[in-house]
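# here is the input, now give the coordinates:
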Amino acid sequence: MKNIYTCFPEGKYKVLTMSYDDGCQEDRRLVEIMNRNGIRGTFHLNSGLPGANKIPASEWKELYRGHEVSCHTVLHPVISRCPLDQVALQILEDRRALERAVGYPVRGLSYPCGSYSREIVALLPGVGIEYARTTRETGNCGMPEDFLTWEATCHHNHSLLERAREFAALNAPQHLFMLYVWGHSYEFTNDNNWGLIEEFCSRMGCRDDIWYATNIEIVDYMKAARSLKFTVEGDMAYNPGAQDVWIRVGNDVVKVGGGQTVCF
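Numbering: from 1, shown residues only. Take a look at the predicted model:
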């Protein structure tokens, strides 16, 4: 018998993702910094709040290319105080508008104002939402127990470089680690600390030991990994899905291609 562990793509065990809300003009500068350093993330947008400080919908597809566009509701209400049918409409109509603009199914959400309830969480799968980010923080680099109440590692103003140092130093391939940073790009202007995110991305980008992913890519990958079927002997794995999955069998990294059965 050998230990079998789920890995991220190419056998990696660390993933970095970023998550930014509201679609303000400062997203342009943030996206440029992220792209320059090979870092990817998710941008949660409100389709019903246009304004001079917002990125227009006509630019979403091109600006956020290579990243993910995700829901943040149409009008950014405190949804825990709203009628449940109105919450559903806030999400569905936001999805509809975002999907028209970017040209792909939108399947994620960040809770506006961090507001949600048990009833809202239960509603989400029925309106096509597969993950939802809160405004709570774990302060660590663990994987989430529930993607519908997904807690980030930290806001970028909360010990970001310290968390980055801890993440970079992790050396335990029997575990999966995630560094998840969230915030609002306008805060860099308000706080005059663009240098913080420049340093973070320069330090953490383009590393061979990290998988750089959007929020939905992490969700999709973990679902695919959980769908693998193994023999009792632990000498074969069948992947019933289309997405390739990597596992570690003993000291060997094994790719289980979509639709394939692999012996090891």
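
# need the contact list for the residue nearest to S47 when sequence neighbours are not counted.
Once flanking residues are discounted, S47 sits nearest to A97: 3.5 Å by Cβ to Cβ, 6 or more residues apart in numbering. All C-beta spots, glycine's among them, are computed from the backbone N, C-alpha and C. For A97, the contact set (Cβ atoms under 8 Å, 6 or more residues apart in numbering) comprises S47, G48, A57, V74.

# A97 belongs to a helix, doesn't it?
Yes - note on A97: a helix contains this position according to DSSP: H, G, I helix; E, B strand; the rest coil.

# quick one: the most centrally placed residue in the chain and P105, what's the gap?
Relative to the mean C-alpha position of the chain, the nearest C-alpha, by Cα atoms, centre = their mean, is the one of N215, at 1.6 Å. Distance, N215 to P105, using Cβ to Cβ, to the nearest Å: 14 Å.

# related to what we said a few turns ago, so of the contacts of A97, which ones are in strands?
By the criterion of DSSP state E, membership of these in strands covers no residue at all.

# those: which two are farthest apart?
Farthest-apart pair in the contacts of A97 is A57 and V74; separation 12.2 Å (Cβ to Cβ).

# contacting residues around the residue nearest to V31 when sequence neighbours are not counted?
When the adjacent residues along the chain are set aside, V31 lies closest to L63, with 6.1 Å between them (Cβ to Cβ, 6+ apart). Taking Cβ under 8 Å, 6+ apart as the contact definition, L63 lies against D27, R28, V31, I55.

# out of those, flag the one nearest to D191.
Out of the contacts of L63, the one with the shortest distance to D191 is D27. That distance is 16.0 Å, counting by Cβ to Cβ.

# spit out the contact partners of that closest one.
When contacts are taken as Cβ under 8 Å, 6+ apart, D27 is in contact with Y20, F43, I55, L63, Y64, S185.

# so what's it scoring on pLDDT?
pLDDT, D27: 98.

# compare A57 and V74 (neighbour count), which wins?
Set side by side, A57 and V74 show more neighbours around V74, with 22 against 16, by other Cβ atoms under 10 Å.

# the more buried one contacts Q90, correct?
Yes - at 5.1 Å, V74 counts as touching Q90 under the criterion of Cβ atoms under 8 Å.

# for P56, what are its contacts?
Here P56 is in contact with P50 (Cβ under 8 Å, 6+ apart).

# repeat that for 10 Å
With contact set as Cβ atoms under 10 Å, 6 or more residues apart in numbering, P56 has these partners: G23, Q25, P50, L63, A101.
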